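Q: task: produce atomic coordinates for the following.
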Amino acid sequence: MGINVDASTRTSNNKDNLIGKILGMRPDLPAYNEDGTINTIDRYTENPLITQQNRNESYGKNLSASLFLEWEIIKNLKLRSTGTVTYAHTKS
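A: Presented below is the predicted three-dimensional model:
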């Protein structure tokens, strides 16, 4: 008889490209509109302030467990039965 268990968790916040967005922002464009809202600039350029406010987070939990039973019926002849349960939860 035996059991194998593997469990893991993870958390990530993908704001890695924020510096790239800041460096790619044209300095002649204002960060804010005259009414105080964030300037969306155009369809292809994202304002770094919007990048900073975006939530790009993910969480995950994983669990995997296997149980096996082995019975030696006669010498060199074994019967083995295995069952596995897997649980995974991810939120992005």
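
Q: name the residues that touch whatever helix or strand residue 65 lives in?
A: Using DSSP states H and E, residue 65 sits in strand 57-74. Strand 57-74 has contacts (Cβ atoms under 8 Å, 6 or more residues apart in numbering) with 1-14, 78-92. C-beta: built from backbone N, CA, C; applies to glycine.

Q: try stretch 84-92
A: Contacts of stretch 84-92 (Cβ under 8 Å, 6+ apart): 57-67.

Q: how far out from the middle of the chain is it?
A: Relative to its chain's centre, stretch 84-92 lies at 12 Å (Cα atoms, centre = their mean, to the nearest Å).

Q: now do stretch 39-47
A: Its chain's average C-alpha position is 26 Å from that of stretch 39-47, according to Cα atoms, centre = their mean.

Q: and for stretch 10-27?
A: Its chain's C-alpha centre and that of stretch 10-27 lie 17 Å apart, by Cα atoms, centre = their mean.

Q: buried stuff in it?
A: Across stretch 10-27, burial judged by 16 or more other Cβ atoms under 10 Å covers 21, 25.

Q: what about the strands in the protein?
A: Here the chain has its strands, by DSSP state E, at 2-13, 57-74, 77-91.

Q: tell me which of those sits most buried.
A: Highest mean neighbour count among the strands of the chain (mean count of other Cβ atoms under 10 Å): strand 57-74, with a mean of 12.
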